[in-house]
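next comes the sequence, and after it the predicted model I'd like to discuss.
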Amino acid sequence: MQVTNHPAPTAGRASFTLPVRVYFEDTDAGGVVYYANYLKFCERARTEWLRTTGLAQNQLAAEQGILFVVRSVEASYLRPAVLDDMLEVVTTLGKQGRASLDFAQQVRRDGQTLFEARIGIACVDRDAMRPIPIPPAVRAQLASLV
């Protein structure tokens, strides 16, 4: 999966849109996007959203000793995407818990929703891989977006 250079991602306060083109490698034998690749598109969009807010994942791991990991996914596949489709992955930050974040994500083509998911993210200690509270500075930065 590759992200195109055009158009650029757009960021709102608590929402972010990442353009993604469907490549041959994203499709299955039937010529449609393989179901697991929608989750890859969503992962890429959440990572890029965090980066635009100044919270790069590698920096959080190195400086804060935390990782954000997926703890739950609820997904609905509504319509297929196919080779060369230009998609938008829309990511919206929802509820923020003490050690968790909830995201609503949609994959759209020409304004039509093809896929939607609710993804729960846990904040974990990088070394122990156990849930920990989101650090206050990170929490404040995320709260300023909502």
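Right, received. Where do you want to start?

roughly how far does the residue nearest to Asp85 when sequence neighbours are not counted sit from Leu87?
Once flanking residues are discounted, Asp85 sits nearest to Val22: 4.5 Å by C-beta to C-beta, 6 or more residues apart in numbering. Quick note: C-beta positions are derived from backbone N, CA and C, even for glycine. Separation of Val22 from Leu87 (C-beta to C-beta, to the nearest Å): 7 Å.

list the residues that contact both of the two?
Listed as contacting both Val22 and Leu87 by C-beta atoms under 8 Å, 6 or more residues apart in numbering are Ala81.

right, and the helix or strand after the least confident helix or strand in the chain by mean pLDDT?
When each helix and strand of the chain is scored by mean pLDDT, DSSP states H and E, strand 10-11 comes last, with a mean of 56. Where DSSP states H and E defines the elements, the next helix or strand beyond strand 10-11 is strand 15-21.

strands of the chain, start to end?
Counting by DSSP state E, the chain has these strands, from start to end: 10-11, 15-21, 66-77, 86-96, 100-109, 112-125.

in JSON lines: these, plus distance to Pro135 and mean neighbour count.
Compiled in JSON lines, the strands of the chain are given as follows (distance: least, C-beta to C-beta, whole Å; neighbours: other C-beta atoms under 10 Å):
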{"stretch": "strand 10-11", "distance to Pro135": "22", "mean neighbour count": "15"}
{"stretch": "strand 15-21", "distance to Pro135": "21", "mean neighbour count": "20"}
{"stretch": "strand 66-77", "distance to Pro135": "7", "mean neighbour count": "14"}
{"stretch": "strand 86-96", "distance to Pro135": "13", "mean neighbour count": "19"}
{"stretch": "strand 100-109", "distance to Pro135": "13", "mean neighbour count": "20"}
{"stretch": "strand 112-125", "distance to Pro135": "8", "mean neighbour count": "18"}
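
rank these by pLDDT, which is bottom?
Per-stretch mean pLDDT for these is lowest at strand 10-11 (a mean of 56).

okay, Leu114 and Trp49: tell me how far apart.
On the measure of C-beta to C-beta, Leu114 and Trp49 end up 19 Å apart.
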